[in-house]
Structure formats: C-alpha cells, structure tokens
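> need the 3D shape of this:
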Amino acid sequence: MASNGDEPVNVGSLQVESVKALATEFGDEYEVPARYIRPEFDINEVIKNKSCELPIIDLERLGDPRFSEEEITKLGSACGQWGFFQLINHGVDEVIINNMKSSITEFFMLPLEKKKAVAIAPNGIEGFGQHFVVSNDQKLDWADLFFINAQPVERRNMKFWPTNPSTFRDALDKYSSELDKLAKYLLKFMAKDLGIEPKVLHSVFKEHPQCMRMNCYPPCPQAEKVLGLSAHTDGGAMTLLLQVNEVQGLQIRKDGKWLSVEALPGTFVVNIGDSFEMFSNGKYKSIEHRAVVNAAKERISIATFTTAPFSGMVGPLPEVVKGDKEKYKTMNYLEYFRGYLSAKLEGRSYLESMRLSN
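The predicted structure follows:
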C-alpha cells in the first residue's frame, strides 16, 4: 500500500492457509483446527430482537430542503449514539452494485491457484489473503479477504487488480467511483451536524483515499466455535458495507451487549471509524463489531473505507473542539495507520491508546 507520498506501509502480516481451501478440502464433517476455535465466543450472549435494529437514514431526505434539518439530526444521533446506521435511497445504480456483487462472487469461486495470482506480498497489504496475523500462535479468523486501494485513481496498483473474472476491473472501477461520490455527499451532512463548514471535512479528506476489503466467510460445521472477523473497530473514517448475498453475519457491541444486525435489502450499512471519532473529539463513536459465520452457507461482503491521506494528521479538529479539551492525541496519519495495521485486531484497544488522560 503506497502513501500519498509514495511511502510504503509495511505491516508484516504472517501468511496463513486459505480458509476456503481448508473448508473445501475437509468437507462438511471434520474438526476445525484448534487455531480457529474461539473459546471467548459465546453465541448465547447475542441479543436478537427488533429493538436492536440500527437507525435508518434516508439520503433523499438529507438532500431535500423540506426534510434535511430533521434528517441531519437523525444522522447525528445515529453517529453519536450508535456509530452505525443503514442508508436507504442512496442513489447508487443497482446495475453497478449487481455487477460488483457478481464479479467478487466469481473471484472467490476461483481455484486457489488462480486467486494466488493477486496474493498479498510479504509485508504488503493489497491482494488476496489475510491481515492482522502477527504471531504463529494467534487465533485465526474463519475468512479469506481481498484488499485493494481504489481511490485516488493514480494510486492504484493494477498488478493486484484481478483480470479473472474478466468483468472484475471494470465493475470495481465503476463501483469505487460511485461510492467515492456517496462518501463525499455524506460528509457534507456530517459536517453540518458537527457545526462546521463542509469544506473543513473535505480538506481533511482531500483526495478522498478509498480502500476496499472484500470478505469471504466459508460455511463452517462448527460455526458456534469460530469467528469470521475478530471483534474490532475500523481504523479509517467511515465504512460503507455492502451485503453481497443473503447470508447475514454482522454483529455490533452496544452497551456491553452483542447485537445481530439484519442488513436490509438495497441498503448500505455505514459505520464511523476510529479516525472520525478522533476528528470529532468523541462526538461520533467508533463501535466495536465482528462477523460470525454460517454453518451451511457462505457469506460475502464488501467494506469500502474512506480515510484521510497519509500525508495529513489525525486528531481532534480545532473547529469541533472550540473551547473544550482535546480528548485524543494528534499525530501523523501514516504513523497512526501503520500502528493500526501492525496490531492484532482486539476490540477498541488501539483507539483507546489514542486517548489523552485529561
């Protein structure tokens, strides 16, 4: 992954076996290897009822002068109290979304050797493989991933952009462009909610760096003993999650309880990342979340991250803090992001290390 100053981000994740290949090799009836068993995971502690549904934000109402103020208030409440919301009427062309869905589904269906054509390089981050593996005895997630830098266009490393399937590059290019526009539009209303000029946030996110993590969670016969993605918070500013198929699996932690999220058809699930919590001086919340797996069906999702440029800084914005105390450190964004990527996924631990002891 190259910075905006062409400085590489060396993260040194250890290479491990493809989970999809492992699951395919052993079939439906086998004991899951010990490195994937998560004794801390208790499926019975998850709450599932309608009172746990995420707030819903309507993008059309945000842009309509008749309803904008009311919807911005809802947006601010969702970002401040939940850190998550579902976005409806987002305006992204359904054809573009479906082409992206079919392309990534076809990619994950390829034989392992073909996917290895875009494998993550040692000390790299882009490509097919796994992230956040920092030791040989660490517990592993039940998932394969494909990670790519998508925006700005001139920072793309095309050797990691698959040519198989043949539709992939075009589908990803169009999808990335649409989500870049969507993120910029959302930031305008978030700025209004925070009481600052939209140009302030747009200057923070100049060039609007965007990366994507595409996740494949193979079915697991002992699904109640594994995790698809460890509990964590996102290091970027904002994440737009697309559910590729009908299999659910996202869970968020609110008020100490794990809640299952039912992604509505045709929506994006949006969440605040660590750096946005820092920029907002804690007004917006980066919430711990994780992914669980299904015993019988594969789940695929696409997380699109908006980040600040590596050449910039991360920390409370003066325009937001005003007369209050700063609650977080201010530091170089590249240094911050390197620290995030080189650590094991472990709840809010990295974000909490950014707090100031006032």
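
> and Pro162, which of the three is it?
coil (DSSP: H, G, I helix; E, B strand; the rest coil).

> and it, how many neighbours?
23 (other C-beta atoms under 10 Å). Placement of C-beta: from N, CA and C, glycine included.

> what helices or strands is the worst-scoring helix or strand of the chain on mean pLDDT leaning on?
Counting by mean pLDDT, DSSP states H and E, the chain has its least confident helix or strand at strand 46-47, which shows a mean of 72. With contacts defined as 3 or more C-beta pairs under 8 Å, 6 or more residues apart in numbering; DSSP states H and E, the packing partners of strand 46-47 are strand 257-260.

> mind exporting the following helix or strand past the strand it packs on as PDB, just the C-alpha atoms?
Counting by DSSP states H and E, the element after strand 257-260 in chain order, helix or strand, is strand 268-272. Taking C-alpha atoms only, strand 268-272 is exported to PDB below (Å, rounded to 0.1, in the frame of the first residue of the first chain):
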ATOM      1  CA  PHE A 268     -25.500   0.200   2.800                       C
ATOM      2  CA  VAL A 269     -24.600  -0.400   6.500                       C
ATOM      3  CA  VAL A 270     -22.500   2.700   7.400                       C
ATOM      4  CA  ASN A 271     -20.200   2.900  10.400                       C
ATOM      5  CA  ILE A 272     -17.900   5.500  12.000                       C
END
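
> in strand 268-272, what's buried?
Judged by neighbour count (16 or more other C-beta atoms under 10 Å), strand 268-272 contains these buried residues: 268-272.

> could you point out which element follows the least confident helix or strand of the chain?
Past strand 46-47, the next helix or strand by DSSP H and E is strand 56-58.

> surely Ala296 and Val247 touch.
No: taking contacts as C-beta atoms under 8 Å, Ala296 lies outside contact range of Val247: 9.1 Å.

> who's more crowded, the two?
Using other C-beta under 10 Å as the criterion, Ala296 and Val247 rank with Val247 on top: 16 against 10.

> and that one, what does it touch?
Residues counted as contacts of Val247 (C-beta atoms under 8 Å, 6 or more residues apart in numbering) are 217, 294, 297-300.

> run through the helices of the stretch 1-150 of the chain in chain order.
All helices of the stretch 1-150 of the chain, identified by DSSP state H, counting those that start in this stretch, fall at 19-26, 59-63, 68-77, 94-109, 112-115.

> quickly note the distance from Asp141 to Glu53.
26 Å (C-beta to C-beta, to the nearest Å).

> likewise for Leu140?
Taken as C-beta to C-beta, the span from Leu140 to Glu53 is 31 Å.

> if we can go back for a sec, the least confident helix or strand of the chain: partners in the sheet, and parallel or antiparallel?
Each strand paired with strand 46-47, and its direction, by DSSP bridges: strand 257-260 (parallel).

> return the distance of stretch 196-207 from the chain's centre.
21 Å (C-alpha atoms, centre = their mean, to the nearest Å).

> go ahead and name everything in contact with that stretch.
Contacts of stretch 196-207 (C-beta under 8 Å, 6+ apart): 4, 151-152, 184, 187-188, 190-192, 237, 279, 306-309, 312, 317, 319-320.

> list the buried residues for that stretch?
Under 16+ other C-beta under 10 Å, the buried positions of stretch 196-207 are 196, 200-201, 204-205.

> give the helix, strand or coil label for Cys231.
Rather than Cys, residue 231 is Ala. Strictly by three-state DSSP, Ala231 counts as strand.

> where's it relative to Asp180, distance?
For Ala231, the distance to Asp180 - C-beta to C-beta - is 29 Å.

> and for Val153?
In terms of C-beta to C-beta, Val153 sits 10 Å off from Asp180.

> higher neighbour count, those two?
Using other C-beta under 10 Å as the criterion, Val153 and Asp180 rank with Asp180 on top: 19 against 10.

> quick check, that one in a strand?
No: counting by three-state DSSP, Asp180 is not part of a strand but helix.

> verify the stated contact: it with Asp173.
No: in this structure, Asp180 is not within contact of Asp173 by C-beta under 8 Å, at 10.8 Å.

> all helices for the stretch 201-350 of the chain, in order.
Using DSSP H, counting those that start in this stretch, helices in the stretch 201-350 of the chain cover 274-279, 318-321, 333-342, 349-352.

> packing partners of the third one?
The reference is to helix 333-342. helix 274-279, strand 313-314.

> so which of these gets nearest Ala223?
helix 274-279 (28.5 Å; C-beta to C-beta).

> thinking again about what came up before, right, and the helices of the stretch 201-350 of the chain - which one's nearest Arg38?
helix 349-352 (16.9 Å).

> who are the packing partners of the closest one?
By 3+ C-beta pairs under 8 Å, 6+ apart, helix 349-352 packs against helix 274-279.

> can you say which of the helices of the stretch 201-350 of the chain is packed in most?
helix 274-279 (a mean of 27; mean count of other C-beta atoms under 10 Å).

> how far off centre is it?
The answer for helix 274-279 is 14 Å, by C-alpha atoms, centre = their mean.

> dump the C-alpha coordinates for that helix into CSV.
Output in CSV follows, covering the C-alpha atoms of helix 274-279 (Å, rounded to 0.1, in the frame of the first residue of the first chain):
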residue,chain,number,x,y,z
ASP,A,274,-11.6,5.4,14.8
SER,A,275,-10.1,8.4,13.0
PHE,A,276,-13.5,10.0,12.7
GLU,A,277,-14.1,9.6,16.4
MET,A,278,-10.7,11.3,16.9
PHE,A,279,-11.5,14.1,14.3
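
> pLDDT below threshold where in the chain?
Under the criterion pLDDT under 70, the flagged ranges of the chain are 1-14, 27-29, 42-44, 48-52, 132-136, 343-345, 358.
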